[in-house]
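Engineer: Pasted the sequence and its predicted model underneath.
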Amino acid sequence: MRIAIVGQQDFGKAVLEAFLARGDEVAGVFCAPEKDGAKADPLKASAIEKGLKVFQFASLRAVEAHDAMRSLKADLGIMAFVLQFAPQSFVTIPKNGTIQYHPSLLPKYRGPSSINWPIIRGDTRTGLSIFRPTDGLDEGPVILQKQTAIGPDDTLGSVYFERLFPMGVQAMLEAADLVMAGKHAETVQDETLASYEGWCRAAEAKINWANHVDFIHNLIRGCNPAPGAWTSLAGKRLQIFDCRKHSFRTFGSVKGKIGEVSEITATSFFVTAQGGRIEVLKAKHEDGKKLSAPELAASLGLTAGTLLGS
């Protein structure tokens, strides 16, 4: 098939290379312009290396973007990790339209941080959807879905890089074949089940030690590695990455006050929350780099009794 790829970053690059590896023709690649001084987007760099046509438009609404897509005479458009808005007038130009990847089980978790939020909310499963893009945000009919479990210690990194990324690349190939063969079905999303979640950024990643230890553990997992759940220490930000959860079984097992570093060991340090403690294994102070918990505790002079979040 002759395709046009719209995307960016490592996922876009992987999708490009997967289609090329099996012999499909990539007529051209669209990716967002880089910010001043930023290095070339991985998708763009790979496309240039392979001698492909690359287009970068500030907006896909632009007449020039539409003209570029028409010039490619593509059979199918492939949207792989796209943050730019692509209007219907653009995505319907390829002969068989366009398909798009989204890392959630639509219609749940529409929006830009759809991998973070299921983990943060304690869900035990997530997945990906390949759908037809419309002018609504992640609202188009679904062609294909794949599911994966979220384990109790999974993080954003493990769910995405170990499952949703490779599964997504293969699902794009599978959905493209179904569309080109005319064997696909398009299932309209059930709006009564829909949910939209905005960005998970620093404001959403702030730890409140007065919350239940289950909630805090899920927040840290869902923000690891980005944006990084954080607390404060003497007015500066301390991000927590790898951790374990320990629940108090009885009132007598409670150790420390809320937000207190209650214990430091050779491999970790513990912070008390409602209902249990978070065992911190890896963290990063805003003035330094990511370190193991013992290294960080030594560098910052943490002791049992140090209060976080104040």
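Structural biologist: Structure's in. What do you need?
Engineer: how about the residue nearest to Glu260 when sequence neighbours are not counted, what does it touch?
Structural biologist: Nearest residue to Glu260, sequence neighbours excluded (Cβ to Cβ, 6 or more residues apart in numbering): Thr272, at 5.1 Å. To be clear about C-beta, it is placed using only N, CA and C from the backbone, and glycine gets the same treatment. By Cβ atoms under 8 Å, 6 or more residues apart in numbering, the residues touching Thr272 are 209, 254-260, 262.
Engineer: Quick check, pLDDT for Thr272.
Structural biologist: Thr272 is assigned 97 on the pLDDT scale.
Engineer: A strand includes it, no?
Structural biologist: Yes: under the criterion used here (DSSP: H, G, I helix; E, B strand; the rest coil), Thr272 sits inside a strand.
Engineer: ok, Glu17 touching Ala47?
Structural biologist: No: judged on Cβ atoms under 8 Å, Glu17 makes no contact with Ala47 at a distance of 9.8 Å.
Engineer: Out of the contacts of Thr272, which is nearest to Lys35?
Structural biologist: When these are compared for distance to Lys35 (Cβ to Cβ), Trp209 wins out at 35.6 Å.
Engineer: Now for Gly111, how many residues are close by?
Structural biologist: 17 (other Cβ atoms under 10 Å).
Engineer: ok, it to Gly301 distance?
Structural biologist: Using Cβ to Cβ, to the nearest Å, one gets 41 Å for the distance from Gly111 to Gly301.
Engineer: same question, Gly222
Structural biologist: Distance from Gly222 to Gly301, counting by Cβ to Cβ: 30 Å.
Engineer: Against which helices or strands is the helix or strand hosting Glu17 packed?
Structural biologist: In the assignment (DSSP states H and E), Glu17 maps to helix 9-21. Helices and strands touching helix 9-21, by 3 or more Cβ pairs under 8 Å, 6 or more residues apart in numbering; DSSP states H and E, are strand 2-7, strand 25-30, helix 42-49, strand 76-80, helix 165-180.
Engineer: Going by neighbour count, list what's buried in stretch 17-36.
Structural biologist: Within stretch 17-36, the residues that count as buried by 16 or more other Cβ atoms under 10 Å are 18-20, 24, 26-32.
Engineer: mind checking the end-to-end distance for that stretch?
Structural biologist: Taking Cα to Cα, to the nearest Å, stretch 17-36 runs 27 Å from one end to the other.
Engineer: which residues are contacting it?
Structural biologist: With Cβ under 8 Å, 6+ apart, stretch 17-36 has contacts from 1-8, 12, 16, 40-41, 43-44, 46-47, 50, 52-58, 60, 65, 68-69, 71-74, 78, 83-84, 169-170, 172-173, 176.
Engineer: 7 Å - rerun?
Structural biologist: For stretch 17-36, contacts defined as Cβ atoms under 7 Å, 6 or more residues apart in numbering pick out 1-8, 12, 16, 40-41, 43-44, 46-47, 50, 52-56, 58, 72-74, 83-84, 169, 173.
Engineer: and it, what's its mean pLDDT?
Structural biologist: On average, the pLDDT along stretch 17-36 is 96.
Engineer: Distance from that stretch to the middle of the chain?
Structural biologist: Its chain's C-alpha centre and that of stretch 17-36 lie 20 Å apart, by Cα atoms, centre = their mean, to the nearest Å.
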